[in-house]
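>>> any chance you can model this:
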Amino acid sequence: MNYCYETVETKYPKLVQEYGVSRAILLEKFRETPNAVLFATRSFWEGIDVKGDDLVLVVIHKLPFETPSDLVYSSKTEKIDKELGQGKSWFNYTLPDTCLKLKQGVGRLIRSKTDKGVIAILDSRISYKGYGKVVVKSLPPSYITQKLEKVKNFYAKINGKKR
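Alright, predicted model coming up:
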């Protein structure tokens, strides 16, 4: 995240989630700064609400799979594999958990019927792995494209006043 923050060039003000700075303060600064670009981790997905034109793009760098070394995660998957058979935790816990977390990330952008914007999922596994179709189907119905030109056209239509 910090690498992206430092290397992404934009004409808009950039904000970054930093250790020791409360999410509430960062969120308030984001709301108060017109056209701000916010770089934050997955922990920022929970408990925030930014409606309307203040948030029109959410970029998800990687699908939100749990780290296999996480003790809680490994304990849950081990238990499922013991109960259902080796490898069963993938489709019975890991993939559904990832889909749920991804929907929560998408939910940061689409908070009401009038909200609009782009969810950019940069993880190529969504396109070439077999489970990618499951992940896409778990998301709310939406227009899907891999063409940057279509995204630019979308923003051109909604951006009469800002951004």
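>>> list the residues that contact A120.
Contacts for A120 were tallied using Cβ atoms under 8 Å, 6 or more residues apart in numbering; they are L57, V58, V59, I60, V151. In short, each C-beta sits where N, CA and C put it, glycine included.
>>> so which bits of stretch 22-41 are buried?
Buried residues in stretch 22-41, defined by neighbour count with 16 or more other Cβ atoms under 10 Å: L26, L27, F30, A36, V37, L38, F39, A40.
>>> any chance of the contacts of A120 in CSV with neighbour count and secondary structure as columns?
Output for the contacts of A120, formatted as CSV (neighbours: other Cβ atoms under 10 Å; DSSP: H, G, I helix; E, B strand; the rest coil):
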residue, neighbour count, secondary structure
L57, 14, strand
V58, 19, strand
V59, 14, strand
I60, 19, strand
V151, 14, helix
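>>> now, which of these sits nearest L109?
V58 (4.6 Å; Cβ to Cβ).
>>> grab the nearest non-local neighbour of that closest one.
L109 (4.6 Å; Cβ to Cβ, 6 or more residues apart in numbering).
>>> quick one, phi psi at that neighbour?
phi -90, psi -50 (degrees, to the nearest 10).
>>> same question, F30
F30 adopts backbone torsions of phi -60, psi -50, taken as degrees, to the nearest 10.
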